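Asker: predicted model and sequence follow; I will ask about them next.
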Amino acid sequence: MKSIHISTKVNGDAMEFVCAPDESLLDVLRNRLGLTGAKEGCGTGDCGACSVTLNGRLVCACLVLGAEVDGAEIGTVEGIATDGVLHPLQQAFIDHAALQCGICTPGILVAAKSLLDRNPDPTDTELRYWLAGNLCRCTGYDKIIAAVQDAAQKMRAA
Amino acid sequence: MRYLRPNTAAEAAQSLADEPGVTRVLAGGTDVLVQLKAGMVEPDLIVDIKHIDGIRSITAEAGGFRIGAAVAGAELGAHAGVKALWPGVVEAFELIGSTQVQGRCTMAGNLCNGSPAADSVPALVAAGAVARIVGPKGTRDVPVRDIPTGPGKLSLTKGEIITSILLPARPPRSGDAYLRFIPRTEMDIAVASAGVSLTLDAAGKITAAAVALGAVAPTVRLVEAASAAIIGTKLDDAALSNLMQAASAACSPIDDKRGTIAFRTQVAGVLAKRAALIAYSRAGGSK
């Protein structure tokens, strides 16, 4: 297979990589760019552990080819904290113990931030539907909802 | 595997036609990448159609809207004009997958995946939507209902791609709706589904109707007997009962772990009735 050269932006930084035509964006992020925040849960778009933003839209990185992102802007969990200060969502997940094993957490942080960027004051129902594609087998979701709502409230007050 | 990113539909069609091996068209990728991952298909050529001029746009046309083949669910859901004219089509499309899948999935892809349970297809068929197809021999327009020919099978020939879907203009006092049954509240495949589109006269009597059922036959099914059961009525109880019977009678579903034949047959009738009531109310009818 012929490798493809791609130029893209990840978390605001220009990046270049070479990938195989059938390589997923998730594999590119993890194995070529060293960004291991996005996780592979299912690899088929069901679990949301690999959630990233692609040109501002929330997507599963496992359902995107690396070859597709030439000229695109990608956002991952590594870009959520600024200058070593945790994002309010990240702090709220710690404060509310909204994770146990942590595999789903990067995807949920990216997905929740994507919702709050559009809707700073979601209802619990809106939040649960938005996160329906992010599976968590540890928490039972209640602590996740509480953490996101707490972060949303702090962000609105800031 | 080769990956191509053509800038014109003609170039995409020619590349697909010229490739002797296995090909896949890539728009949102929410089915193709799953097939790749599962090893269900090993394409020799993938043609990414997202860079074809106009393929990601929604444009007003002759009182309706032309939806580019690479428009994602989240993009259509944010379009106030389409939502106002064809709310049933938009709600059907938005039922597909999670927020993440909505960021990528397309109606043309949902159609071309060929699943009898595709959510957007019954709504498109009820709407009388027309697909624009570009192939190596030129362009043709084909009603969406004539595209699927069986599970995973389409009437498209080698090299042909859908570039857009036209949702037509509609008379005043029209409404549409789509409902499906799934055992969960979100993120599932229809066990049975129904799309209904209606037009009323000034007195609230139905003058035109289209009823399409999903997941109860090898392809989506447009049920003319169900339309006939409600045309000329104000959806009174007798008309609704006839609608349910006609819809159920048109079902020839499979029996599988998600639903039995008897269940799917009954539920399709119930969904057709409920979708008709929603469409009737959206068309301005009151009961």
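Answerer: Sure thing, it's come through. Numbering: from 1, shown residues only, chains lettered A, B, ... in the order given.

Asker: residue B:187: neighbour count?
Answerer: 18 (other Cβ atoms under 10 Å in any protein chain shown). Bear in mind the C-beta positions are built from the backbone N, C-alpha and C, glycine included.

Asker: next one: the one 5 residues further on
Answerer: By the measure other Cβ under 10 Å, the count of residues near residue B:192 is 29.

Asker: quick one, what contacts it?
Answerer: Applying Cβ atoms under 8 Å, 6 or more residues apart in numbering or on different chains, we find residue B:192 in contact with B:180-181, B:213-216, B:251, B:253, B:259, B:263-264, B:267-268, B:271.

Asker: hmm, try it at 10 Å
Answerer: B:117, B:179-182, B:213-216, B:247-248, B:251, B:253, B:258-259, B:263-272 (Cβ atoms under 10 Å, 6 or more residues apart in numbering or on different chains).

Asker: filter these down to the buried ones.
Answerer: Burial by neighbour count, judged by 16 or more other Cβ atoms under 10 Å in any protein chain shown, picks out B:117, B:179-182, B:213-216, B:247-248, B:251, B:253, B:258-259, B:264-272 from the contacts of residue B:192.

Asker: picking up where we left off before, taking the contacts of residue B:192 one by one, which sit in strands?
Answerer: Judged by DSSP state E, these include B:179, B:180, B:181, B:213, B:214 as members of strands.

Asker: quick check, nearest of those to chain A?
Answerer: Chain A lies nearest to residue B:180 out of those, by Cβ to the nearest Cβ, at 15.4 Å.

Asker: wait, doesn't that closest one sit right on residue B:264?
Answerer: No. Checked against Cβ atoms under 10 Å, the pair residue B:180 and residue B:264 is beyond contact range at 11.4 Å.

Asker: where's residue 128, which helix or strand?
Answerer: Here I'm looking at chain A. Element membership for residue A:128 (DSSP states H and E) is helix A:124-130.

Asker: hmm, no, I was thinking of chain B.
Answerer: Here residue B:128 is assigned to no helix or strand, by DSSP H and E.

Asker: swap in the one 5 residues further on?
Answerer: Assigning secondary structure by DSSP H and E places residue B:133 in strand B:130-135.

Asker: chain center to that strand, what's the gap?
Answerer: 15 Å (Cα atoms, centre = their mean, to the nearest Å).

Asker: now do stretch B:46-53
Answerer: In terms of Cα atoms, centre = their mean, the gap separating the centre of stretch B:46-53 from the centre of its chain is 21 Å.

Asker: pull out the buried positions in that stretch.
Answerer: Buried residues in stretch B:46-53 (16+ other Cβ under 10 Å): B:46, B:47, B:48, B:49, B:50, B:51, B:52.

Asker: equivalent analysis for stretch A:144-153, please.
Answerer: A:144, A:145, A:146, A:147, A:148, A:149, A:150, A:151, A:152.

Asker: among those, which are in helices?
Answerer: Among the buried residues of stretch A:144-153, the residues falling in helices (DSSP state H) are A:144, A:145, A:146, A:147, A:148, A:149, A:150, A:151, A:152.

Asker: include distance to chain B and pLDDT when you put those into a markdown table, please.
Answerer: Formatted as a markdown table, those follow (distance: Cβ to the nearest Cβ, whole Å; pLDDT from 0 to 100):
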| residue | distance to chain B | pLDDT |
| --- | --- | --- |
| A:144 | 15 | 98 |
| A:145 | 15 | 98 |
| A:146 | 20 | 98 |
| A:147 | 18 | 98 |
| A:148 | 14 | 98 |
| A:149 | 17 | 98 |
| A:150 | 21 | 98 |
| A:151 | 18 | 98 |
| A:152 | 16 | 98 |
